[in-house]
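*Asks:* Give me the fold of what follows.
(one chain, ligands or ions: 1)
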Amino acid sequence: MNDPDGRRELVRVCRMLYERGLTVSAGGNMSLRLNDGTFLITPSGKNKGLLTEKEIVRIDKDGTPFGGGTPSIERFLHLALYDSNPSVNAVVHCHPLYCTALAVREEKVDCSLTPEGIILLGEVPMVEYHTPGSAELVEAVRERHSHMAMTMARHGALTQGRDLIEAYNRMEELEFQAHLQILTRGAEGLPGAEISKIRGGAP
Ligand SMILES: [Zn+2]
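*Replies:* A predicted model of the protein is given here:
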């Protein structure tokens, strides 16, 4: 994606995340890989429902911004995932209420309750707690890079995708699964044989 289209798309998806209640106030950060190998990322400390295209910050692969703007402090976490996953072009990190509730309890989101969770998310690991913005958090996320969704203990959730809509859909589904898990507390996941069948060829 090029710079102007990328800015438009990122602002649009940030607004969808905000309006859906998946991110609140200035929380979370979202990014996109551009065709030229640079990245667009949300600025630090801004409400995601009110972002403008001009406020989006372009950074290089080392996290250095071009021109003005202060990129999110979590940019290294995004860059670690892009570096590890060449097919990933978008990363969404936010603090959805039910994912975060489970993450505060240090419980993983179990995505085997319904077929949709298995198809879209599969196994969702939980990263142990590290200070936001720290190198330790970046390394802990990098270790789980092959998972397209993960939660972070006492913090929030993170998804990746080939494009922003795929990363958005995974976040929306992850929050649905976390909410479902809380509402159906104690329910068993689908049996292993059924999970294999679903993974083998979804209708
Ligand atoms: Zn966060």
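*Asks:* Just the mean pLDDT for stretch 164-184, thanks.
*Replies:* On average, the pLDDT along stretch 164-184 is 96.
*Asks:* List the buried residues of it.
*Replies:* 164, 166-181 (16 or more other CB atoms under 10 Å). The way it works is simple: take the backbone N, C-alpha and C, and place the C-beta from them, glycine included.
*Asks:* Where does the prediction get shaky in the chain?
*Replies:* 201-203 (pLDDT under 70).
*Asks:* Quick check: longest helix in it by residues?
*Replies:* Longest helix of the chain, by residue count under DSSP state H: helix 164-183.
*Asks:* what packs against the helix or strand just after it?
*Replies:* Sequence-wise, the next helix or strand beyond helix 164-183 is helix 192-200, with elements assigned using DSSP states H and E. Counting contacts by 3 or more CB pairs under 8 Å, 6 or more residues apart in numbering; DSSP states H and E, helix 192-200 packs against helix 115-120.
*Asks:* show me what contacts residue 66?
*Replies:* 38, 58-60 (CB atoms under 8 Å, 6 or more residues apart in numbering).
*Asks:* Only whichever of those residues are buried, select them in ChimeraX.
*Replies:* The following ChimeraX line selects those of those that are buried, judged by 16+ other CB under 10 Å:
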select :38,58,59
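*Asks:* Next, give me the two most distant ones among the contacts of residue 66.
*Replies:* Greatest spatial distance in the contacts of residue 66: 58 and 60, 8.2 Å, computed using CB to CB.
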